[in-house]
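K.L.:
Predicted coordinates and the sequence they were generated for:
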Amino acid sequence: MTRYLWSVFTKPWAGLPGDELGRLVAGLGFTGAEVPVRDNAYVTPVTAEAKLPKFVAQLRAEGIEPISIASELSESAFSACAEAGVPLIRIMASLGDERYAASVRLMREQLEAVAGFTEQYGVQVGVQQHHGRFVASSLGVVQLLDGLPRERFRVIWDAAHDILAGDDPAVTLPLVADRLAMINLKNVTYRPTEATGDVGGAWRPWFVQATEGLANWSAIFRQLAALNYEGPICLTGQYSDPSIPVEGRLQEDLRAAQSIC
């Protein structure tokens with residue numbers, strides 16, 4: 001259990017200042033955090049250079065180590081992370097209106113354009129697979145990053161999006177092992193939606209507790225042990241039912257994860 005840095009994506013409390021957020025996260029049992037740096041968060045892309053170092057220092061004062069930010073790939077984001085000592089910026093590879101191959105080429109060009117920032121500031125880029133209009137599979141992310149420096153362009157592997165892509169951690173975790181920077185843990189199933197008149201397709205992903213979903217967390221930890229992975233494990237705090245407080249659900253899932261690792 002001690003081999004991992006147990007972290008949480010702090011999006012559910014995006015508006016809190018660093019000291020309040022640090023106390024909350026520590027109280028839930030975590031020792032690491034991923035911080036959203038977005039327009040609706042306490043630290044925004046515009047204010048990151050001014051605010052992120054103090055925000056991160058406040059987290060550390062409460063015993064919480066910032067593992068990454070979820071943000072854009074602007075030079076100011078790299079600069080802010082370097083000043084604050086945050087090692088990684090997490091993104092997804094979005095698909096535009098172009099065909100898939102053209103969208104991937106454009107995304108690759110964007111990554112190549114920031115390669116100098118990764119070296120200049122010593123901050124990594126982590127790309128996560130994501131269902132929908134994103135590069136959805138681990139294989140797709142590996143292909144996107146092929147040829148870019150492994151120590152600077154990394155993979156964030158997500159349990160729920162792996163299963164939504166129809167994949168198997170016994171295949172995908174070894175596939176990404178040489179670039180693996182972080183494991184995102186959440187779980188998912190499908191829920192029927194209102195009929196639209198289409199033939200089939202009336203289902204949507206529904207994010208649930210660890211024990212209720214399609215992703216086999218036990219199988220994931222068996223693979224991580226086989227790979228000798230010792231990096232961060234980040235619970236994303238994503239649950240589709242808003243009527244249940246996220247804090248209790250995170251504590252339950254943290255206990256479940258720690259019991260099987």
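P.N.:
Thanks, I have it.
K.L.:
going forward, measure contacts between C-alpha atoms and count neighbours the same way
P.N.:
Noted.
K.L.:
residues near residue 192, how many?
P.N.:
The tally of other residues near residue 192 (other C-alpha atoms under 10 Å) stands at 11.
K.L.:
so where do the strands sit in the stretch 151-261 of the chain?
P.N.:
Across the stretch 151-261 of the chain, reading from the start of the chain, the strands by DSSP state E, counting those that start in this stretch fall at 153-158, 180-185, 187-192, 203-208, 232-235.
K.L.:
quick one, which of those is nearest to residue 9?
P.N.:
For residue 9, the closest of the strands of the stretch 151-261 of the chain is strand 232-235, at 6.3 Å, according to C-alpha to C-alpha.
K.L.:
Adjacent strands (with direction) for that closest one?
P.N.:
Strand 232-235 has the following strand partners under DSSP bridges: strand 5-9 (parallel), strand 180-185 (parallel).
K.L.:
quick revisit: go through the strands of the stretch 151-261 of the chain and pick out the most buried.
P.N.:
Ranked by average neighbour count under the criterion mean count of other C-alpha atoms under 10 Å, the strands of the stretch 151-261 of the chain are headed by strand 153-158 at a mean of 25.
K.L.:
Which neighbours in the sheet does that strand have, and how are they oriented?
P.N.:
The pairing partners recorded for strand 153-158 under DSSP bridges are strand 124-128 (parallel), strand 180-185 (parallel).
K.L.:
That one relative to strand 187-192, how many degrees between them?
P.N.:
Here strand 153-158 runs at 60 degrees with respect to strand 187-192, directions being taken by axes from the mean of the first three to the mean of the last three C-alpha atoms, to 10 degrees.
K.L.:
related to what we said a few turns ago, need the strands of the stretch 151-261 of the chain in TSV with mean pLDDT and distance to residue 64, can you?
P.N.:
Shown next, in TSV, are the strands of the stretch 151-261 of the chain (pLDDT from 0 to 100; distance: least, C-alpha to C-alpha, whole Å):
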stretch	mean pLDDT	distance to residue 64
strand 153-158	98	20
strand 180-185	98	16
strand 187-192	98	24
strand 203-208	98	25
strand 232-235	98	12
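K.L.:
To residue 31, which of those lies closest?
P.N.:
Closest approach to residue 31 among those (C-alpha to C-alpha): strand 232-235, 10.0 Å.
K.L.:
How about residues contacting that closest one?
P.N.:
Among residues not part of strand 232-235, those counted as contacts by C-alpha atoms under 8 Å, 6 or more residues apart in numbering are 4-9, 32-34, 67, 181-186, 250, 254.
K.L.:
and the residue lying closest to residue 218 once chain neighbours are set aside, how many neighbours does it have?
P.N.:
Using C-alpha to C-alpha, 6 or more residues apart in numbering and skipping residues adjacent in sequence, the residue nearest residue 218 is residue 260, 6.1 Å away. When neighbours are counted by other C-alpha under 10 Å, residue 260 registers 13.
K.L.:
Against residue 7, how distant is residue 260?
P.N.:
Distance of residue 260 to residue 7, given as C-alpha to C-alpha, to the nearest Å: 16 Å.
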